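K.L.:
Provide a 3D model corresponding to the input given below.
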Amino acid sequence: MLIAAAAVLGVVAGTCTGYLVQADREPTKLPPLSQPVLAQSKGEAPEPLSADRDRRVKTEGDLRELLLKKPRGTQEPDWPLGEDGWMDLAEYAGYYEESGSMFGQLAMDQFRRAAVVGWLDDDYSVEIRLVQFRQEEGLAAAGNVENGQHWADDAEDTDSWAVPGTGEGRAYVHHSPDAEPGYEPLYSAEAHAWRGDVAMEIWVYGSKPVPKKMIMDLAERQMERL
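P.N.:
Numbers count the residues shown, from 1 in each chain. Modelled structure (predicted):
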């Protein structure tokens, strides 16, 4: 017991001596937190990217200017097409059967704005929409296109083709018309593609089958403008 007590006292005494020695020493200086000053390069800053190299230059402006122009000789559509070429969230969601749930989904997907144009000729009606998303949390434009393609693929008696230069873009022609009592048969075609934060939708309806050439031409020319 005496030996154990002496050992404990020795440890305590050594610890106290160490604290006293350390207290009498000068504090050790810490290294400086700042980094050496970097030399600034000289010369002019590089020119901003052109619209050909930076797509955001195009899509941050007036989105309506990127829509295809109405062909000569066509008429104004006889259905509502937004206000001054713009379509708000509520109106866009209203095109879906489950418009209430779609409104909430589009809000979660950070819907930003939609530009729209349409026209009528003797045989067909055309509507084109460019739907833009903020995309701060995900690739919502691509998801919007995938949703449209899913329902188009699910339709019976439908042919589809890849839209050149768009990656996943596709055009569809539905050969079986919608037929309701008291109405003429209504044929349709559609196209869905995306680039960056903008999803493209094209809808064509007519009293006779929509030619493949027509929907493909519209889709290719519209995507070229993006």
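
K.L.:
from memory residue 118 sits against residue 127, does it?
P.N.:
Yes - here residue 118 reaches residue 127: they are 4.1 Å apart, a contact under Cβ atoms under 8 Å. Where you see a C-beta, it was placed from the backbone N, CA and C, and this is true even at glycine.

K.L.:
Give the intersection of the neighbour lists for those two.
P.N.:
77, 81 (Cβ atoms under 8 Å, 6 or more residues apart in numbering).

K.L.:
What segments of this protein are helices?
P.N.:
In the chain, the helices defined using DSSP state H lie at 2-23, 55-59, 89-93, 99-108, 140-154, 212-225.

K.L.:
Where among the ones you listed is average confidence lowest?
P.N.:
Mean pLDDT values for those show the minimum at helix 2-23, a mean of 57.

K.L.:
what about residue 127, neighbour count?
P.N.:
18 (other Cβ atoms under 10 Å).

K.L.:
Next one: it from residue 39, what distance?
P.N.:
Here residue 127 is placed at a distance of 58 Å from residue 39 (Cβ to Cβ, to the nearest Å).

K.L.:
Over to residue 99?
P.N.:
Going from residue 99 to residue 39 by Cβ to Cβ gives 60 Å.

K.L.:
What sits closest to residue 85 if chain neighbours are left out?
P.N.:
What sits nearest to residue 85 in space, not counting adjacent residues and going by Cβ to Cβ, 6 or more residues apart in numbering, is residue 64, at 4.4 Å.

K.L.:
ok, residues contacting stretch 109-119?
P.N.:
With contact meaning Cβ under 8 Å, 6+ apart, stretch 109-119 is reached by 63-64, 66-71, 74-77, 79, 81-82, 85-89, 92, 125-138, 140, 143-144, 197.

K.L.:
and those residues, which of them are in strands?
P.N.:
86, 87, 125, 126, 127, 128, 129, 130, 131, 132, 133 (DSSP state E).

K.L.:
Verify the stated contact: the third one with residue 210.
P.N.:
No - with contacts counted by Cβ under 8 Å, residue 125 stays clear of residue 210, the gap being 10.5 Å.

K.L.:
Would you mind grabbing the residues shared as contacts by the two?
P.N.:
Common neighbours of residue 125 and residue 210 (Cβ under 8 Å, 6+ apart) are residue 204.

K.L.:
Quick check: buried residues in stretch 199-208?
P.N.:
199, 200, 201, 202, 203, 204, 205, 206 (16 or more other Cβ atoms under 10 Å).

K.L.:
Pull the number of nearby residues for residue 173.
P.N.:
A count of neighbours around residue 173, defined by other Cβ under 10 Å, yields 23.
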